[in-house]
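**Student:** I'll drop the sequence and a predicted model, then ask my questions.
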Amino acid sequence: MMSHQLRREQLEHIGAVIVVGSGKGGVGKSTVSVNLAVSLARQGARVGLLDGDAYGPSIPMMVGVRKRADAKAEVILPLAERKDLAVEKKIPPLQRYGIKIMSVGFFIGEEQAVAPIADALGMLIRQLLYSVNWGELDYLIIDLPPGTSEPQATLCREIALTGAIVVTTPQEIARVDTAKAVTMFQRAHVPVLGVVQNMDGFVCPHCGQTAAIFPESHERRQQLDELPLLGRIPLDPAAVTNGDKGYPIVVSLVDSPVAVAFEHVAAQVVQQIAARNAQASEQQPTTLPDKEEGHYERED
C-alpha cells in the first residue's frame, strides 16, 4: 500500500483534491460538482473545478459559457508530459461564481467532438491539470466522466487524491453501478468521503411538497450503505432550468430546498476531510531527536 502512495504526485498549493464520480451516467455528477464547488466558495474557501470529461464536457454550459461554433482552427490540447511549466506559460482558468474553472469544452464548440483514444484520455486530463494556473486553492474538485476506466485510472494511480465523492440516484440500477465505482476507488486506495443521493424526490413547483419519482432500492449494497451519506438532493425543475442557463441553484435560488441540501453536502465534505486529516496527524509516528555523534550510550 505504501508503494501506491509514494508514486502519487502532490499538487503544489492545493490543499485537497476531490474527485466526483459514479459508475453510471445521468445521475447528476456535474450538477453536484458545480454546486458543491460554488457552495464551498460561498463558505469562504478558495476552490477550483476541473471538468474531467473530454467526451461530453457539460461544465461550460452549467457555468454560463456556451461556445456554440466549432473551433475554426485546429485545437491542440495539452498532452505532452510537462509538470514544470512556468506560470506565464500556464493556461489561466475561467473564473465564475467565485471559483476557478477549466474544461476541454472551453476549447471546442458545443457540438464538436473530442475523441482521444482511451489510453490517451487519462494523459490528457492529467496534463490539463498541470497546465492550468490554479494559484492557491483550498479545494480542487474534479468532475469525472461515467464509468471506471479513464481518466479515473490515471488520476487514482498518479495523483495524490484526498478523497472521492460518489453520486447515485435512489433506484437499484444506479446503486449497483455506483457500488462498482466505490470498489474501484477502494482498490486504488483512494478514500471515499461519502455518497450524495441525487434526484431524491421531486419538489412540486405548486405546493412545495416532495414526492418520490424513482423506486428506492431496499437491497443492501455494502459498499454504499457503510459510507457516510453526505446529503440527499431533491429534484426541482427550477434547478434544472437555471442550470441549463448557466445559473447554479446555490446562486440563483439560495433558499430553495435544493440549494440548502447542497450547502449541507459542502459542510459534510469539509467535516469529513478535517476528520481524516486529524486522524492522519494522530497516526504519524513521533520522531525522536538524533543523538549526537560520539554520545551514544550502550544499552545492555
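**Tutor:** Happy to help now that I have it.
**Student:** hey, where'd the helices end up in the chain?
**Tutor:** Taking DSSP state H, the helices of the chain run over residues 2-6, 29-42, 59-62, 118-131, 152-158, 172-187, 222-225, 237-244, 249-252, 257-283.
**Student:** tilt between the last one and helix 237-244?
**Tutor:** For helix 257-283 against helix 237-244, the angle between stretch directions is 70 degrees (axes from the mean of the first three to the mean of the last three CA atoms, to 10 degrees).
**Student:** rewinding a little: most tightly surrounded among the helices of the chain?
**Tutor:** Mean neighbour counts were compared across those using mean count of other CB atoms under 10 Å; the top stretch is helix 29-42, at a mean of 26. C-beta here means a position set from N, CA and C on the backbone, and glycine is covered the same way.
**Student:** thinking again about what came up before, export the helices of the chain to a markdown table and tack on distance to Gln209 and mean pLDDT?
**Tutor:** Shown next, in a markdown table, are these (distance: least, CB to CB, whole Å; pLDDT from 0 to 100):
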| stretch | distance to Gln209 | mean pLDDT |
| --- | --- | --- |
| helix 2-6 | 48 | 46 |
| helix 29-42 | 22 | 96 |
| helix 59-62 | 27 | 90 |
| helix 118-131 | 41 | 82 |
| helix 152-158 | 38 | 90 |
| helix 172-187 | 23 | 85 |
| helix 222-225 | 27 | 65 |
| helix 237-244 | 14 | 84 |
| helix 249-252 | 18 | 94 |
| helix 257-283 | 11 | 92 |
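**Student:** what's the closest of the ones you listed to Leu144?
**Tutor:** Distances from Leu144 to each of these were compared by CB to CB, and the smallest falls on helix 152-158, at 5.8 Å.
**Student:** Tell me the helices and strands packed up against that closest one.
**Tutor:** The helices and strands touching helix 152-158, judged by 3 or more CB pairs under 8 Å, 6 or more residues apart in numbering; DSSP states H and E, are strand 14-21, helix 118-131, helix 172-187.
**Student:** any chance of those in CSV, with distance to Asp244 too?
**Tutor:** Converted to CSV, the helices and strands packed on helix 152-158 look like this (distance: least, CB to CB, whole Å):
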stretch, distance to Asp244
strand 14-21, 19
helix 118-131, 25
helix 172-187, 22
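**Student:** Any idea which of the ones you listed gets closest to Gly231?
**Tutor:** Nearest to Gly231 among the helices and strands packed on helix 152-158 is strand 14-21 (12.9 Å), distances taken as CB to CB.
**Student:** what angle separates that closest one from helix 257-283?
**Tutor:** Orientation note: strand 14-21 sits at an angle of 120 degrees relative to helix 257-283 (the same axes, to 10 degrees).
**Student:** Now strand 14-21: buried residues?
**Tutor:** Within strand 14-21, the residues that qualify as buried are 14, 16-21, counting by 16 or more other CB atoms under 10 Å.
**Student:** about what we covered before: of all the helices and strands packed on helix 152-158, which one is nearest Gly201?
**Tutor:** Proximity to Gly201 (CB to CB) singles out helix 172-187 among the helices and strands packed on helix 152-158, at 14.5 Å.
**Student:** Would you mind writing the CA trace of the closest one as CSV?
**Tutor:** Written as CSV, here are the backbone C-alpha positions of helix 172-187 (Å, rounded to 0.1, in the frame of the first residue of the first chain):
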residue,chain,number,x,y,z
GLU,A,172,-31.4,-0.1,-7.8
ILE,A,173,-29.7,0.1,-11.2
ALA,A,174,-27.9,3.3,-10.2
ARG,A,175,-26.8,2.0,-6.8
VAL,A,176,-25.4,-1.2,-8.4
ASP,A,177,-23.2,0.8,-10.8
THR,A,178,-22.2,3.3,-8.1
ALA,A,179,-21.0,0.4,-5.9
LYS,A,180,-18.6,-0.5,-8.8
ALA,A,181,-17.1,3.0,-8.6
VAL,A,182,-16.7,2.7,-4.9
THR,A,183,-14.9,-0.6,-5.3
MET,A,184,-12.6,1.0,-7.9
PHE,A,185,-11.6,3.8,-5.5
GLN,A,186,-11.1,1.5,-2.6
ARG,A,187,-8.9,-0.9,-4.6
